[in-house]
Structure formats: C-alpha cells, structure tokens
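Q: Show me the folded form of this:
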Amino acid sequence: MRLFKNKKGLDYSAWMIIVVFIVIIYLFVVIYSKLDVFDVSIGDQEACLMNSYYEGDKILLFVDQSAKFSVYRALGEWGKNGASLPDKFPFFKLSNTPYWFKDNIKYYKDANFYESFEFYFKNNLKKYLEKYPDYFLDIDYEIAVTDDKILGVPLKPVLLPVVLSPEKKEKYGELISEFMEKFGVFGTGIYALRPSFSLDINTHISDVELVAKKVDIVIECMKSSDVSECIEPFQSKDGLFWNYFTYDNENTVVFDVILENINNPYDEEMFHLIFALENAG
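A: A predicted model of the protein is given here:
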C-alpha cells in the first residue's frame, strides 16, 4: 500500500499498466497473423487430405475394373491375331490372318503365348486408363500372366495433390506455383499410391497351347487327307469347335477355332482363335 501512497509509485504503476497493455496488444497481433492460415474454416486441410484419399480409392477401383475389362478385350484381339505378336508371323493377305505354318516352318512352335497375351492386355489396359476423367493415368505396369491369374504392379506411383480450398488457392498462389513447378501438381502436399491389381481369371492360354498341339497332327494329316477328315477327331472335344475356309488357289486353309468354354461376361462374345496353315498336300 505504501507504493500507491507515494506519487512516484503511482507513476511507476501507471507505466507498468501501459507497458503490459501494449505487450498484450502486440502479442494478439502476432498470434492473429500466425493463425491467418486457418482463416477459411477449421478442419479445412484435413478435409483436403480426406478428399485425396477418396480420389485415390476411386483410382484403385477404376484400375481394377479396367484390368477386368482389358482381359476380355485382349482375348478377342489376341485370338483374331492368331495369338501372336504383331508382325511376328507372316500374313495371309486375303483374310489378313497370320500363318502358323508356311514354307514348312511351324511359326507357332517358337511363339510365347503368355508374352503375346500380355502385349494385348497391356495395350487395352492403357486405353482404358487414358479414359479416367480427372487425371492422366500414364502408368506402366509390370505384368505377370499365368493360366488362372494376372498380376499387375505399377513401375511408378501415381501422385495426387492434397488440394487447397479455392480461397486458399487464390491466397497462396505463389506456394501453388512452386509445387506445380516441382511436382507438376498443385496443393499443399503429395499423396502417392501404387494401384496394383490381382485378377483371378482363366486366361485360357493353356487351351491355345492345346490347339497348337493338335495343329501338329492336322498339318501331317492334310498331306494325304481332306481338311474335314483331319479335324474330325478333334471336333467339339476339349471345348473346341473347329471351323475352316479353304483358299485352293492360294493353297491355304484358314482356321477359326472357337473355345466354347470362354464366355465374355460383358458382351457374351465367344473366343475365336484364327490362324492360317499352308496346305502341304
């Protein structure tokens, strides 16, 4: 109480109050400026992160469905091209069909049917991924194909931006530009995911190999017998239905072997394995 009874003490107390008041105002200004990044709404950045996770789930689902569609598109193209890689076999130009046998060379003997199927599968998968609406999914996959499974592992991740709200995009344009320059995307961060897939599906490559074994017999048979007689022992067996078209002037037979146990669930189209054999008879 002695301090307040003394005039100097009163002056000192007044100055202390003024200084404390100024310090409080200064601290308020500093803290408010630091909190300015949260001027849109509480939880805004968390919502942006959740949106990125949601977008990632959409991509995973899109890739998985695209892979399923690609299997049957690939089977159709693969079969119509004689289960061969493009330009790998000589072509019978009248029907644009690859020769499996010509000039006494059995081209199918050296064919890797798993490799050729993978080629058509990857091509179709890429076409589907290009249709994704929001991002260009330029993903190159390492593919493993077996008789009953297809595995796909991306060689690089997909980078998704953790996107700012529209208000913050406008306010922090400089930061956004830096991210675009460095990562090619905008936002406050990057969400990386690798959309792998595993399909339990019968590729029927073993059925094509079975046809190849029967073709060995057909080639030898055609040297002395009519084509219809040569395929008769195999007709409608092992789920195979043999059709053929003869081109006598070209000394060529084009086969269309239908695998009856393959049904495309999306358009119910049968699988056709088409190839040409030069008639050595």
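
Q: Tell me where the stretch 101-250 of the chain has helices.
A: Taking DSSP state H, counting those that start in this stretch, the helices of the stretch 101-250 of the chain run over residues 113-129, 166-171, 173-183, 205-222, 227-231.

Q: How confident was the prediction at residue 105?
A: Looking at residue 105, its pLDDT is 94.

Q: Give me the neighbour count for it.
A: 14 (other CB atoms under 10 Å). Just so you know, the C-beta spots here come from the backbone N, C-alpha and C atoms, and that holds for glycine as well.

Q: That one and residue 246, how far apart?
A: Going from residue 105 to residue 246 by CB to CB, to the nearest Å gives 21 Å.

Q: Repeat that for residue 112.
A: For residue 112, the distance to residue 246 - CB to CB - is 30 Å.

Q: ok, now residue 106?
A: 20 Å.

Q: How about residue 231?
A: Per CB to CB, residue 231 is found 12 Å from residue 246.

Q: who's more crowded, the two?
A: residue 231 (23 against 14).

Q: can you tell me which residues contact that one?
A: The contact partners of residue 231, by CB atoms under 8 Å, 6 or more residues apart in numbering, come to 218, 242, 244.

Q: which residue packs closest to the second one, ignoring adjacent ones?
A: Closest residue in space to residue 242, ignoring its immediate chain neighbours: residue 231 at 4.4 Å, by CB to CB, 6 or more residues apart in numbering.

Q: my guess is residue 125 meets residue 141, correct?
A: Yes. Taking contacts as CB atoms under 8 Å, residue 125 lies within contact range of residue 141: 6.9 Å.

Q: Give the residues shared as contacts by these two.
A: residue 152.

Q: Please report how far the closest residue to residue 102 other than its chain neighbours lies from residue 113.
A: Setting aside the residues directly before and after it, residue 102 is nearest to residue 278 in space (CB to CB, 6+ apart), at 4.5 Å. Relative to residue 113, residue 278 is positioned 21 Å away (CB to CB).

Q: who touches the nearest residue to residue 270 once chain neighbours are set aside in this structure?
A: Of all residues not flanking residue 270 in the chain, residue 258 sits nearest, at 5.2 Å (CB to CB, 6+ apart). Under the criterion of CB under 8 Å, 6+ apart, the contact list for residue 258 reads 240, 241, 243, 270, 271, 272, 273.

Q: try 7 Å this time
A: By CB atoms under 7 Å, 6 or more residues apart in numbering, the contact set of residue 258 is 241, 243, 270, 271, 272.

Q: repeat for residue 149
A: Residue 149 touches 198, 199, 200, counting by CB under 7 Å, 6+ apart.

Q: Before I go, just wanted to say thanks for your time.
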